[in-house]
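>>> any chance you can model this:
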Amino acid sequence: MSYFMSHVAVPIAVGAVALVLLLGLINMMRGGSPWTSQKLMRLRVLLQFIAIVVIMLAVWIMGR
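Modelled structure (predicted):
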């Protein structure tokens with residue numbers, strides 16, 4: 001279980017945050033819709049919360 005959390009779940013969570021951040025930046029640089037940027041940034045905040053929870057869970061599991 002600790003292998004899955006540290007080598008699979010954490011990189012996926014961090015990668016999802018990075019991807020949404022990159023998509024939001026690209027949308028802003030191209031002058032895209034402000035609504036799309038707003039949705040992407042809200043999604044980024046949600047994914048950051050999930051990533052923090054996953055990381056803390058992985059740390060807790062590895063410490064057991």
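
>>> tell me the average confidence for stretch 50-64?
Mean pLDDT, stretch 50-64: 94.

>>> swap that for stretch 6-21, sorry
96.

>>> any idea how far the lengthiest helix in the chain is from the middle of the chain?
Taking DSSP state H as the criterion, the chain has its longest helix at helix 34-63. Put simply, helix 34-63 sits 4 Å off its chain's centre (CA atoms, centre = their mean, to the nearest Å).

>>> buried sites along that helix?
Residues 37, 40, 43-44, 47-48, 51, 54-55, 58 are the ones in helix 34-63 that count as buried (16 or more other CB atoms under 10 Å). Quick note: C-beta positions are derived from backbone N, CA and C, even for glycine.

>>> next, format those residues as CSV and append distance to residue 25.
CSV is the format used below for the buried residues of helix 34-63 (distance: CB to CB, whole Å):
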residue, distance to residue 25
37, 9
40, 9
43, 13
44, 10
47, 15
48, 15
51, 18
54, 23
55, 23
58, 27
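
>>> ok, these vs residue 3, which is closest?
Relative to residue 3, the closest of those is residue 58; by CB to CB it sits at 10.1 Å.

>>> ok, the nearest residue to that closest one once chain neighbours are set aside to residue 60 distance?
Closest residue in space to residue 58, ignoring its immediate chain neighbours: residue 5 at 3.8 Å, by CB to CB, 6 or more residues apart in numbering. Distance, residue 5 to residue 60, using CB to CB, to the nearest Å: 9 Å.

>>> same check, this time on residue 12
From residue 12 across to residue 60, the span is 18 Å (CB to CB).

>>> can you check residue 53 too?
For residue 53 relative to residue 60 (CB to CB), the value is 10 Å.

>>> can you check residue 43 too?
Residue 43 is 26 Å from residue 60, by CB to CB.

>>> what do you get for residue 7?
16 Å.

>>> thinking again about what came up before, of all the buried residues of helix 34-63, which two lie farthest apart?
37 and 58 (30.8 Å).
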